[in-house]
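A.B. asks: make a model of this:
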Amino acid sequence: MFSCSFLPTEVIIRILSFLPSKRLPKLRLVSKQFNSIISEPYFLRLHQSHALNSPSFLAAFTVSSKSLVVEVKLFLFTKPNQTALTAFRTSLLEERYHEQTQKPIRKSFLGDRIRVLSSNHQLICFVTAKEHFLFDPINQKTLEISQSSSASSSPSLVSFGFVSSTLQYKIIRFFLPYPPICKFETLTLSIKGRNYKHHLEISPWRSQETECPYLLQPYPPVHSDGFLYWTTKEAPTKIVTFSLEHEKFSVLPPPPCFEDNPNHDFSLCGIRGKLWAVDYNALAPDMEIWMMNGSNGSAWVKTHRINLKETLTRYYPSFPIKVHDVQCDCVFFQVLFPSGVKIYCPSKNEVKDFGELNHELQICYYTDGLLSL
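C.D. replies: Predicted coordinates for the structure are as follows:
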């Protein structure tokens with residue numbers, strides 16, 4: 001029988017928690033000690049916390065939409081040095097695409113448009129007007145989620161996220177309009193099980209309502225670290241949060257640009273598990289990117305300022321840009337009208353044109369996990 005008695009248990013736990021999830025089932029057979037460690041809920045949380053530091057990402061391209069069926073092509077990128085820029089290079093330019101280097105996953109769904117939602121955890125959610133699916137990128141399995149009886153009765157927005165403190169995924173459907181009382185439905189999916197046999201326990205849809213005295217933008221909220229985020233429609237712009245754990249609204253202290261530039265256009269992004277605010281100045285034109293660096297908005301850091309004079313060919317009064325990825329050495333964003341991909345290089349302080357975009361692009365980040373659908 002194998003034994004690691006010469007190593008403290010704390011050291012063994014730490015080493016195992018950094019290993020890929022696919023290796024852990026075999027390691028359970030090494031010894032009773034390994035089996036006991038890997039089976040504990042504490043180990044599940046520790047493994048997840050380490051996985052957050054090196055997320056993988058999925059690039060989804062809408063290939064076609066016809067006869068009420070939307071088709072998407074999915075590319076998975078799991079290496080630490082692969083960024084959204086890598087995804088564009090290998091999968092967006094189809095004439096340069098080689099199947100032997102990156103094989104896509106193709107999915108078809110009912111509806112005329114699909115949204116791909118990240119949870120900053122293992123699972124991803126596909127949402128159309130008619131269907132909801134969970135997708136496990138690690139094992140490449142899909143699970144259909146039943147719709148609520150009132151899903152098509154009134155306009156709504158669907159969000160998805162993960163609560164690390166309770167090990168629960170939540171799908172929430174917000175019914176429009178919001179103020180002063182927000183009505184919503186919640187589907188909770190709890191991670192249960194021991195002995196490495198973690199599975200989802202799915203609850204019925206719950207109808208609820210809570211006070212929401214804010215006039216929110218009628219767009220899907222951004223998810224980051226167990227919270228959903230909106231900006232308000234009225235000036236001065238505020239950031240409104242919704243706690244997935246407590247299912248309550250509150251206000252987040254905004255970055256300084258919200259107060260300094262009240263006439264600018266703002267948007268929020270959830271990228272790599274962090275919340276980002278983008279300040280767009282249509283007159284310059286330029287944009288500033290801010291990252292929330294503290295809990296509950298206690299600290300905001302401006303990471304990039306990008307001059308867009310040579311990037312935007314005409315005046316855009318509203319926000320014409322979608323930011324896909326932000327890193328210290330590059331910002332990967334998309335100009336929506338006309339659709340094209342741009343790369344900002346801080347070292348050279350220049351924006352490079354990377355080509356046209358013929359398909360809708362959505363990027364989601366996910367982590368390595370121990371769950372099996």
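A.B. asks: now do the helix or strand encompassing residue 279, average pLDDT.
C.D. replies: For residue 279, the host element (DSSP states H and E) is strand 274-281. Averaged across strand 274-281, the pLDDT comes to 92.
A.B. asks: list the strands paired with it, with their directions.
C.D. replies: Sheet pairing for strand 274-281, assigned by DSSP bridges, gives strand 265-271 (antiparallel), strand 286-292 (antiparallel).
A.B. asks: got the contact list for that strand?
C.D. replies: Residues from elsewhere that reach strand 274-281 (C-beta atoms under 8 Å, 6 or more residues apart in numbering): 222, 224-225, 227, 229, 239, 254-255, 257-258, 261, 264-270, 287-292, 300, 319-321, 323, 326. For glycine as for every other residue, the C-beta is placed from the backbone atoms N, C-alpha and C.
A.B. asks: next, the buried residues of it.
C.D. replies: By 16 or more other C-beta atoms under 10 Å, the buried positions in strand 274-281 come out as 275, 276, 277, 278, 279, 280, 281.
A.B. asks: using TSV, lay out the residues you listed together with distance to residue 147.
C.D. replies: As requested, these are exported to TSV (distance: C-beta to C-beta, whole Å):
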residue	distance to residue 147
275	29
276	32
277	33
278	33
279	38
280	36
281	42
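A.B. asks: pull the most distant pair out of the residues you listed.
C.D. replies: Using C-beta to C-beta, the two most remote members of the buried residues of strand 274-281 are 275 and 281, lying 20.6 Å apart.
A.B. asks: how about stretch 43-61: buried residues?
C.D. replies: Using 16+ other C-beta under 10 Å as the burial criterion, the residues of stretch 43-61 that qualify are 43-44, 46-48, 51-52, 55-61.
A.B. asks: mean confidence for it?
C.D. replies: Here stretch 43-61 scores 77 as its mean pLDDT.
A.B. asks: and it, how far out from the chain middle?
C.D. replies: 11 Å (C-alpha atoms, centre = their mean, to the nearest Å).
A.B. asks: counting only helices, which of the buried residues of stretch 43-61 make the cut?
C.D. replies: 43, 44, 46, 47, 48, 51 (DSSP state H).
A.B. asks: before we move on, the earlier item: residue 361: which of the strands paired with strand 274-281 is closest?
C.D. replies: Between residue 361 and the strands paired with strand 274-281, the shortest gap by C-beta to C-beta is with strand 265-271, which sits at 13.9 Å.
A.B. asks: that closest one - what's its average pLDDT?
C.D. replies: 90.
A.B. asks: same question for stretch 210-219.
C.D. replies: What stretch 210-219 shows for mean pLDDT is 84.
A.B. asks: buried ones in that stretch?
C.D. replies: Buried residues in stretch 210-219, counted by 16+ other C-beta under 10 Å: 212, 214, 215, 216, 217.
A.B. asks: quick check: closest non-adjacent residue to the first one.
C.D. replies: Closest residue in space to residue 212, ignoring its immediate chain neighbours: residue 182 at 3.8 Å, by C-beta to C-beta, 6 or more residues apart in numbering.
A.B. asks: adjacent strands (with direction) for the helix or strand encompassing the one you found?
C.D. replies: Using DSSP H and E, residue 182 sits in strand 181-192. Taking DSSP bridges as the criterion, strand 181-192 forms sheet pairs with strand 168-175 (antiparallel), strand 199-202 (antiparallel), strand 206-211 (antiparallel).
A.B. asks: send the alpha carbons of it over as PDB?
C.D. replies: The C-alpha coordinates for strand 181-192 follow below in PDB (Å, rounded to 0.1, in the frame of the first residue of the first chain):
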ATOM      1  CA  ILE A 181     -40.700  45.800  -7.700                       C
ATOM      2  CA  CYS A 182     -38.600  43.200  -9.600                       C
ATOM      3  CA  LYS A 183     -40.200  39.900 -10.300                       C
ATOM      4  CA  PHE A 184     -38.000  37.000 -11.100                       C
ATOM      5  CA  GLU A 185     -37.700  33.200 -11.100                       C
ATOM      6  CA  THR A 186     -34.800  31.200  -9.800                       C
ATOM      7  CA  LEU A 187     -33.600  27.600 -10.600                       C
ATOM      8  CA  THR A 188     -31.000  26.400  -8.100                       C
ATOM      9  CA  LEU A 189     -28.600  23.600  -9.100                       C
ATOM     10  CA  SER A 190     -26.700  22.300  -6.000                       C
ATOM     11  CA  ILE A 191     -23.500  20.300  -6.200                       C
ATOM     12  CA  LYS A 192     -24.100  17.200  -4.000                       C
END
